[in-house]
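Q: give me coordinates for this.
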Amino acid sequence: MPRSRTLVAACLGSALLVLPGAVAAQDAEGSLTVYSGRSESLVGPVLDSFTRASGIDVEVKYADTAELAALLLEEGDRSPADLFLAQDAGALGAVADAGLFAVLPDELLGRVPAAYNDADGEWAGVSGRARTVAYTTTEELDLPESILGFTDPAWSGRIGWAPANGSFQAIVTALRVVEGEDVARAWLEGILANDPVDYPKNTAAVEGVAAGEVDVAFVNHYYLLRLLAENGDDYPVAQSFFTGGDTGSLVNVAGVGQLASTDQPDAAGALVAYLLGEEAQTYFSRSTYEFPLIDGVAADPRLPAIDSIESPAVDLSALADLQGTVTRLREVGAID
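A: Next up, the predicted model:
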């Protein structure tokens, strides 16, 4: 069924400047409410910078991305949120499928490669991340060529994962879409049979590898870079990207959607423009070690080019069935 779509005025007045990262506040006054599935430590600084640049106050509700998506679905057009800043495309897709987002202007969508935006223009990617396998460097490991290979009993007691984390759940959703429900369930059951160590978050999983608690962990690429920055290059963990379009190296995005019900469209559009401008994109590259998505901003030199990562050929908008994935994780006993 096609989505119900609301078109944002193609011209957001002088709230949008064409200068990357800059914001004009002439018409974009007032305050915004943002639901953020990204933590305050990650996005708080860039939102504060936006307020300083624009004069627009931003009130943020921080929570898990999936929880906020569910809240938006419950609130519908009565939501106080003006924007949804999500950790992954699946949550954005779920809200878009409910017809709650406005269509963003082409000027904004055009800043980001089409693969990292909603096909219908209802949300835009803000920063990119790739799934990797973090592994110990204290011994020689023969890593599988596919994430599916970790069901081999040889990996029993050696795997760390964070099954309650939204990024991990996006991988399970991608497995369901790319490989099919039976393969996804078999993989989950196979990993569980190998007695994985549960971690609350990706950072803790990488730290578990460093501490010798596990040999490998399924995480996003930037967690290791942050720990290297804190601990030095002799930190005993490296990471590997799968090849051949393996789901284990899915490239996903954090992204933003503007609620169709907002009464602050100019201010909301100004924040979207800021997130897709040079200043914010440089912040994501240098401070959070994510992949910037606009031209002219370089990623960390230790990372491969984002378009060189052999991610599976899946439309990120197709990863919207978060509840289905949570249900399957509960069915197999991966989460409560």
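Q: just give the nearest non-adjacent residue to residue 93, would you?
A: Excluding the flanking residues, the one nearest residue 93 by CB to CB, 6 or more residues apart in numbering is residue 320, at 3.1 Å. To be clear about C-beta, it is placed using only N, CA and C from the backbone, and glycine gets the same treatment.
Q: neighbours of the one you found, how many?
A: By other CB atoms under 10 Å, 21 other residues sit near residue 320.
Q: so it sits right up against residue 98, yeah?
A: No - counting by CB atoms under 8 Å, residue 320 does not reach residue 98; the two are 9.6 Å apart.
Q: need the residues touching each of those two.
A: Residues touching both residue 320 and residue 98 by CB atoms under 8 Å, 6 or more residues apart in numbering: none at all.
Q: how does the chain divide up, domain by domain?
A: 6-128+252-305, 129-250+320-332 (automatic domain parsing).
Q: looking at the ones you listed, which is nearest to residue 312?
A: Nearest to residue 312 among those is domain 129-250+320-332; the distance by CB to CB comes to 4.8 Å.
Q: quick one, what contacts residue 60?
A: Contacts of residue 60 (CB under 8 Å, 6+ apart): 33, 34, 35, 36, 40, 43, 44, 47.
Q: please confirm that the last one is located within a strand.
A: Okay, so that is residue 47. No - counting by DSSP: H, G, I helix; E, B strand; the rest coil, residue 47 falls outside a strand, being helix.
Q: the residue lying closest to it once chain neighbours are set aside and residue 83: what is the separation?
A: Spatially, and ignoring its direct neighbours in sequence, residue 47 is nearest to residue 58 (5.0 Å; CB to CB, 6+ apart). The gap separating residue 58 from residue 83 is 9 Å, by CB to CB, to the nearest Å.
Q: who's more crowded, these two?
A: Counted by other CB under 10 Å, residue 58 and residue 83 do not tie: residue 83 has more neighbours, with 26 against 19.
Q: beta partners of that one?
A: Taking DSSP bridges as the rule, residue 83 bridges to residue 34, residue 258.
Q: can you offset everything so residue one is 2?
A: Happy to do that; since the first residue is 2 now, the last one works out to residue 84.
Q: that one reaches residue 261, doesn't it?
A: No - Residue 84 is beyond contact range of residue 261, at 11.4 Å (criterion: CB under 8 Å).
Q: now do the end-to-end distance for stretch 279-295.
A: Terminal residues of stretch 279-295 are spaced 8 Å apart (CA to CA, to the nearest Å).
Q: that one: which residues count as buried?
A: 279-286, 289-295 (16 or more other CB atoms under 10 Å).
Q: in the stretch 202-337 of the chain, which spans are strands?
A: Counting by DSSP state E, counting those that start in this stretch, the stretch 202-337 of the chain has strands at residues 217-221, 238-241, 252-259, 292-293.
Q: how far off centre is the longest one?
A: On the basis of CA atoms, centre = their mean, to the nearest Å, strand 252-259 is displaced by 6 Å from the centre of the chain it belongs to.
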